[in-house]
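Visitor: Mind folding the following:
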Amino acid sequence: MDSTLPDQKREAARYHHDIAMCHHRDGDVASAIEQYNQAISILSDLVSSQSSDPSHAPIIKRAKFDLSSAYSGLSVALADQSTAESDTAALDFASKALEIRKTVMGPNHPSVAECLNTIGSLSFRSGNYNRAADAYQESLQILLTKTGGKEENKYVALAYRSEEHTSEL
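Guide: Residues are numbered from 1 along each chain as shown. Okay, the predicted model is just below:
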């Protein structure tokens, strides 16, 4: 097997992910969802077909992280459709992103906090304020641990801001 093939597949998926983000920023949610799904398809295939080959372990780890990012982006795009069905799917995809992130990066990595913040936001939007508060609090704890308790960090500030929304209810 050509050793560059996994890299090429990952790059193709990353292009779809980047295009999805551009569509999403431009308000073309349907096209964004289509592109996120393309990225997810390529990355899922790459992860499942290569995961048993030890020489591909580094690229598979990066592909898994990319997969979690695509799931996270898809979750936000689906939430932007604002239907009960899309809101449920959004939370499901955000949860998938979180589980992959925890597996790849460990449970206390700042990128896990990012996924928790997304889950908090989606939960808040759907009216599940307890779940939102729990996700925001877990995110904040991870970030504070990583900064040694220092609150002078933009991500800690965002986590506080997100948590503040739920405490106002």
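
Visitor: Run through the helices of the chain in chain order.
Guide: With DSSP state H as the criterion, the chain has helices at 5-25, 29-50, 57-80, 84-105, 110-125, 129-146, 154-167.

Visitor: Give me the distance from the fifth one to the chain's centre.
Guide: How far helix 110-125 lies from its chain's middle: 8 Å, per CA atoms, centre = their mean, to the nearest Å.

Visitor: If I take that helix and helix 129-146, what angle do their directions form?
Guide: Between the axis of helix 110-125 and that of helix 129-146 there is an angle of 160 degrees, by axes from the mean of the first three to the mean of the last three CA atoms, to 10 degrees.

Visitor: do the second one as well
Guide: Taking the same axes, to 10 degrees, one finds that helix 29-50 is oriented at 60 degrees with respect to helix 129-146.

Visitor: Tell me which residues are up against helix 29-50.
Guide: For helix 29-50, the external contacting residues (CB atoms under 8 Å, 6 or more residues apart in numbering) are 6, 9-10, 12-14, 16-17, 19-21, 23-24, 56, 59-60, 63-64, 66-67, 70-71, 73-74, 77-78, 80-81. (Each C-beta comes from the backbone N, C-alpha and C, glycine too.)

Visitor: Done for today, thanks.
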